[in-house]
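[1] sequence unknown, structure follows:
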């Protein structure tokens, strides 16, 4: 049976972590490569680097960083960065990335999703959605609206319709970020469950939660295939291994046995 | 020395990195002659199987791989590169490279298969002993990312299975060919152990 995935999203600005992190028995760091290596060794299933740089020429810095992480971490890597053309995606895959995260490009240039999926595989493009709860209406029948932060266009999309539309285009995964929730509140379980039932591609709960119970809920009631883990659960005195152990004890299948040598 | 075949749709960066992590010498090769002269050959891809078949045929690697297989050169094929070696594919209804009899079939939706993409970590059940699976533990998991899977003609070629609503072939092997539906180069320590075993394999079962 397939395991539920725990994913760490590292926000990067100009080649450094946007927020510093401190692991058990280690000094605080903003080094993304060292952080990614520690997370890999502690059993994270997947890593995402999300580019938060103000400059749009940051892709080259990102590529160099990915190449360095690639040499240390033998797990899938994803990148969310400025993507305009299929060649941008191609250069990321050439550096060792397995999937790219897209949001507004899906509206501006939807054919890029189909093209990338044809060229790099059915699981190569992840659709990232920022979602806000609304009153149900003709435009927003599910009561959940997609918010395009970086877009200046006055567009309104229903979250369920947008997810299924992008699935048709060739998106191989959908990431759900609820704008109504915080790490403290955990995941929006009804929203995640709603989208899980509507699509046939894997669903990832974004944002993260602070408590182990949040993760149990998102994998059982929410039916998510994976979830982003907030740094609060893997830094300081906590670890991915401990979270996985709790999930396993509660009947959620997760990947263990990570540390056995080669 | 491990030769990694470069073709359109190949995803070699992770493979090169994994081999270099293991201090195993590898080289990216681009010519048919280089394949023929290789000690052992590996190819990996996650592109749709038709894209891979087309690229391999176009570059002449299809025929060269057949010759390498007949010559007994150990071959490791991963992901959709493994699917490209079967006889035919449902995607595009076309002929693949025919290194072994079987088809590549799309995952079908059912109550037990709610997602039509098998993406993530899954355990494998070893059905038959093989040198490359020598030290794989029941708790080891491997990384999969695919929406079609291999149905070999002869079930005796299935060395390991994975369960995803249905039982599917995870490892197919015959003679000097070892094909995995998963990506060992992305499968943590378990994948690294498999790659290390491949680097020492003489091509016999």
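    It's in. Treat the numbers as computed from the prediction; the structure is a model and nothing was measured.

[2] how many other residues sit next to residue A:185?
    By other CB atoms under 10 Å in any protein chain shown, 14 other residues sit near residue A:185. Every C-beta, even on glycine, is put in place using the N, C-alpha and C of the backbone.

[3] Measure how far stretch A:66-82 is from the centre of its chain, please.
    13 Å (CA atoms, centre = their mean, to the nearest Å).

[4] any bit of it sitting next to chain B?
    Yes - using CB under 8 Å from any CB of the partner chain, stretch A:66-82 reaches chain B at A:67, A:70-72, A:74-76.

[5] Report the central residue of chain B.
    Chain B has residue B:78 as the residue nearest its centroid, 2.4 Å off, counting by CA atoms, centre = their mean.

[6] Could you export the residues of stretch A:66-82 next to chain B as a markdown table, including pLDDT, secondary structure and neighbour count?
    Below are the residues of stretch A:66-82 next to chain B laid out as a markdown table (pLDDT from 0 to 100; DSSP: H, G, I helix; E, B strand; the rest coil; neighbours: other CB atoms under 10 Å in any protein chain shown):
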| residue | pLDDT | secondary structure | neighbour count |
| --- | --- | --- | --- |
| A:67 | 96 | helix | 16 |
| A:70 | 97 | helix | 24 |
| A:71 | 96 | coil | 18 |
| A:72 | 95 | coil | 15 |
| A:74 | 97 | coil | 25 |
| A:75 | 98 | coil | 25 |
| A:76 | 98 | coil | 26 |
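
[7] Relative to residue A:200, which of these is nearest.
    The shortest approach to residue A:200 among the residues of stretch A:66-82 next to chain B belongs to residue A:76, at 20.3 Å (CB to CB).

[8] mind checking which helix or strand of chain B has the lowest mean pLDDT?
    None of the helices or strands of chain B scores lower by mean pLDDT, DSSP states H and E than strand B:88-89, at a mean of 81.

[9] Can you tell me the SS state at the residue lying closest to residue A:71 once chain neighbours are set aside?
    In this structure, residue A:71 finds its nearest non-sequential neighbour in residue B:17, 4.9 Å apart by CB to CB, 6 or more residues apart in numbering or on different chains. Classification of residue B:17 using DSSP: H, G, I helix; E, B strand; the rest coil returns helix.

[10] I'd assumed residue A:95 was in contact with residue B:17.
    No - counting by CB atoms under 8 Å, residue B:17 stays clear of residue A:95, with 10.0 Å between them.

[11] which neighbours do these two share?
    Contact criterion CB atoms under 8 Å, 6 or more residues apart in numbering or on different chains; residues shared by residue B:17 and residue A:95: residue A:70.

[12] can you map out the strands along chain B?
    Assigned by DSSP state E, chain B shows strands spanning B:2-5, B:26-29, B:40-45, B:75-79, B:88-89, B:102-106, B:118-123, B:125-126, B:141-146, B:148-152, B:158-164, B:166-174, B:177-180.

[13] May I see those strands arranged in TSV, with distance to residue A:158 as well?
    Converted to TSV, these look like this (distance: least, CB to CB, whole Å):
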stretch	distance to residue A:158
strand B:2-5	45
strand B:26-29	46
strand B:40-45	36
strand B:75-79	35
strand B:88-89	36
strand B:102-106	28
strand B:118-123	25
strand B:125-126	42
strand B:141-146	28
strand B:148-152	31
strand B:158-164	30
strand B:166-174	33
strand B:177-180	40
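
[14] nearest to residue A:143, of those strands?
    Nearest to residue A:143 among the strands of chain B is strand B:118-123; the distance by CB to CB comes to 28.4 Å.

[15] any idea how far the closest one is from the chain center?
    The gap between where strand B:118-123 is centred and where its chain is centred comes out at 15 Å by CA atoms, centre = their mean.

[16] One more: stretch B:196-205?
    Its chain's C-alpha centre and that of stretch B:196-205 lie 14 Å apart, by CA atoms, centre = their mean.

[17] What separation is there between the residue nearest to residue A:71 and residue B:46?
    Separation of residue B:17 from residue B:46 (CB to CB, to the nearest Å): 16 Å.

[18] Look at those two and report which has more neighbours.
    Between residue B:17 and residue B:46, counting by other CB under 10 Å, residue B:46 is the more crowded of the two (27 against 22).

[19] Remind me what the longest helix anywhere in chain B packs against, helices and strands.
    Ranked by residue count and defined by DSSP state H, the top helix of chain B is helix B:188-200. For helix B:188-200, the contact count by 3 or more CB pairs under 8 Å, 6 or more residues apart in numbering or on different chains; DSSP states H and E identifies helix B:13-21, strand B:40-45, strand B:141-146 as packing neighbours.

[20] Point out where the stretch 151-262 of chain A drops to low pLDDT.
    Scanning the stretch 151-262 of chain A for pLDDT under 70 picks out the ranges A:151-153, A:257-262.

[21] Mind jotting down where the strands sit in it?
    Taking DSSP state E, counting those that start in this stretch, the strands of the stretch 151-262 of chain A run over residues A:157-158, A:173-178, A:203-205, A:226-228.

[22] and the first one, how far out from the chain's middle?
    Here the centre of strand A:157-158 is set off from its chain's centre by 21 Å, with CA atoms, centre = their mean.

[23] Can you list the buried residues in the longest helix of chain B?
    Using 16 or more other CB atoms under 10 Å in any protein chain shown as the test for burial, helix B:188-200 gives B:188-199.

[24] Contacts for it, please.
    Against helix B:188-200 from outside (CB under 8 Å, 6+ apart): A:40, A:74-75, A:257-262, B:2, B:18-19, B:21-22, B:24, B:40, B:42, B:74, B:76, B:131-137, B:140-143, B:178, B:180, B:182-185, B:187.

[25] Drop anything exposed from these.
    By neighbour count, with 16+ other CB under 10 Å, the contacts of helix B:188-200 hold A:40, A:74-75, A:258, B:2, B:18-19, B:21-22, B:24, B:40, B:42, B:74, B:76, B:131-133, B:136, B:140-143, B:178, B:180, B:182-185, B:187 as buried.

[26] Please name the spatially closest residue to residue 101 (chain neighbours excluded).
    You didn't pick a chain, so chain A it is. residue A:80 (3.5 Å).

[27] wait, chain B
    In space, residue B:101 is closest to residue B:153, 3.6 Å off (CB to CB, 6+ apart).

[28] which stretches of the stretch 51-200 of chain A form helices?
    Along the stretch 51-200 of chain A, the segments classed as helices by DSSP state H, counting those that start in this stretch run A:59-70, A:86-94, A:105-108, A:111-120, A:159-169, A:189-198.

[29] Specify the stretch among those that is closest to residue A:50.
    Nearest to residue A:50 among the helices of the stretch 51-200 of chain A is helix A:59-70; the distance by CB to CB comes to 9.8 Å.

[30] Can you tell me which helices and strands that closest one packs against?
    helix A:32-41, strand A:46-51, strand A:77-80, helix A:86-94, helix B:13-21.

[31] burial measure for residue B:89, as a count.
    By other CB under 10 Å, 25 other residues sit near residue B:89.
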